[in-house]
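*Asks:* When you get a sec, could you give me coordinates for this:
(one chain, ligands or ions: 1)
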Amino acid sequence: MTNGSRRKRVILLATGLLTLALVVAGCGPQNDQNSLRPTGEQAKDIDNLFMFVLVIAGIIGVLVMVGTIYAAVRFRARPGNERPKQTHGNTALEVGWTLLPAVILAVVAVPTVSLIFRLNEDPQPGALRVTAVAKQWWWQFDYPAEKGGTKVVTADELHVPVGREIQMTLRACDPSLGTPPTGGCNVIHSFWVPELNGKRDVVPGRDNTLSFTAEEEGTYLGQCAEYCGLSHANMRFRVIVESEREFEDWLASQQDGPAVTLAEAGNAGELFSTKFGCTNCHTTEDSSLSVYGPNLTHLASRTTFASGYYKLTRRNLINWILDAPSMIPMESEECRLPPGPGVTCVGMPSFVKNTPPGQPTMTRAEAEELADYLLQLD
Ligand code: CUA
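*Replies:* This next block holds a predicted model:
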């Protein structure tokens, strides 16, 4: 081997090892999306099954590797032994390596199939029912009217009580925006909170269900796990697990009317409803309504916005109101045009770029005024 090609190999090996180290470093246990550190009952069951299969697969893997290396070394071609003894048609071996894998698969299949059925069992009577509506590219959470209260529609942050079973209905069609299966539908998504349960697809035209029970209070990170277009990777959400008391308080506060009505908001209300037409896609007046964009009636009670991608700070919100597509990629260039054939609108438009003729471009002062109004809506 020449010196040059040896150096090339060393560089290649070093680069490969470095890349591997970086990739593995991304898998630290403290990433808040670790299915190997389950805190939900269902996620624990899945993890136990995974470990069981991993051990069996690991033993088989080691045996196969050892056998392969042994055979390669022991029976390698040597002077005088170019053609080792052939063993075609050994009945005992043929039967053995047909039966053994069948037995192994059967052993793996029994707990797997039984867990699949268990994960799909109907929820307990006391379960809390919430509907997750997957939009492009954010999650809406609908709480049904309970105990004389009203329905609650919120976005990005799913509040649930600790220890109680949560029965999610997963929906890709929003009936309030048209009649399914064609109206109000978008594409396939997948609901996934790795530390609480496995993934479940969210499919237009069919409601799926998924239940989970969180055993510890805290915030769990969720992620859309099915490619759904431009901002699929940004389609996050949070599950905020709190005590039953905190949850009830939260739900009651969400059922309240807005802290400030559009009429009380003065000039900001005028900017919101008339000048920039924010009410075409959002509502700030009624937390029970499902509309095209996130319901903002209690926006300030959330810690994040934009599908959990940004912290809810005044600065982030002002930048978002001015030019949302520069913060998260969206197909929203035509969103300020009147809706109609050939007009594509997915997401929130920029109010400083692509202003259609006859419509106003937003100033920073106007965005600040809007943000200050929205941040009062706790
Ligand atoms: Cu929604 Cu990917």
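*Asks:* only C-alpha atoms for contact and neighbour calcs from this point on.
*Replies:* Fine.
*Asks:* So which bits of the helix or strand that contains Ala92 are buried?
*Replies:* Assigned by DSSP states H and E, Ala92 belongs to helix 91-119. For helix 91-119, the neighbour count (16 or more other Cα atoms under 10 Å) marks Val108, Thr112, Leu115, Leu119 as buried.
*Asks:* For that helix, give the mean pLDDT please.
*Replies:* Mean pLDDT, computed over helix 91-119, is 93.
*Asks:* Quick one: name the residues of the protein near the ligand.
*Replies:* Neighbours of the ligand within the chain, by Cα under 6 Å from any ligand atom: Trp137, His189, Cys224, Ala225, Glu226, Tyr227, Cys228, His232, Met235.
*Asks:* Just the buried ones from the residues you listed?
*Replies:* Neighbour counting with 16+ other Cα under 10 Å marks Trp137, His189, Cys224, Ala225, Glu226, Cys228, His232, Met235 as buried within the residues of the chain next to the ligand.
*Asks:* Redo the residues of the chain next to the ligand as TSV? Include secondary structure.
*Replies:* Below are the residues of the chain next to the ligand laid out as TSV (DSSP: H, G, I helix; E, B strand; the rest coil):
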residue	secondary structure
Trp137	coil
His189	strand
Cys224	strand
Ala225	coil
Glu226	coil
Tyr227	coil
Cys228	coil
His232	helix
Met235	coil
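*Asks:* one step back: counting by contacts, list what the helix holding Ala92 packs against.
*Replies:* If contacts are counted by 3 or more Cα pairs under 8 Å, 6 or more residues apart in numbering; DSSP states H and E, helix 91-119 sits against helix 41-74.
*Asks:* And for Ile188, nearest residue in space, chain neighbours not counted?
*Replies:* Computed as Cα to Cα, 6 or more residues apart in numbering, the closest residue to Ile188 that is not its neighbour in sequence is Val203, at 4.9 Å.
*Asks:* hey, what's the one you found bridged with?
*Replies:* Beta bridges link Val203 to Arg206, judged by DSSP bridges.
*Asks:* Ok, the one 10 residues further on next?
*Replies:* Counting by DSSP bridges, Thr213 forms beta bridges with Glu165.
*Asks:* and it, what is it in contact with?
*Replies:* Residues near Thr213 by Cα atoms under 8 Å, 6 or more residues apart in numbering: Gly40, Glu41, Gln42, Val162, Gly163, Arg164, Glu165, Ile166, Leu196.
*Asks:* now, which of the residues you listed sits nearest the ligand?
*Replies:* Set against the ligand, the nearest of those by Cα to the nearest ligand atom is Leu196 (18.5 Å).
*Asks:* And the pLDDT at that closest one?
*Replies:* As predicted, Leu196 sits at a pLDDT of 93.
*Asks:* can you check Gly342 too?
*Replies:* In this model, Gly342 carries a pLDDT of 83.
*Asks:* now the one 3 residues further on
*Replies:* According to the prediction, Cys345 has pLDDT 86.
*Asks:* Quick check: which element contains the residue nearest in space to the middle of the chain?
*Replies:* By Cα atoms, centre = their mean, the chain has its centre lying nearest to Gln223, at 1.8 Å. Element membership for Gln223 (DSSP H and E) is strand 218-224.
*Asks:* gap between that strand and the chain center?
*Replies:* Put simply, strand 218-224 sits 8 Å off its chain's centre (Cα atoms, centre = their mean, to the nearest Å).
*Asks:* what's in contact with that strand?
*Replies:* So strand 218-224 is contacted by 32-33, 189-195, 232-233, 235-242 (Cα under 8 Å, 6+ apart).
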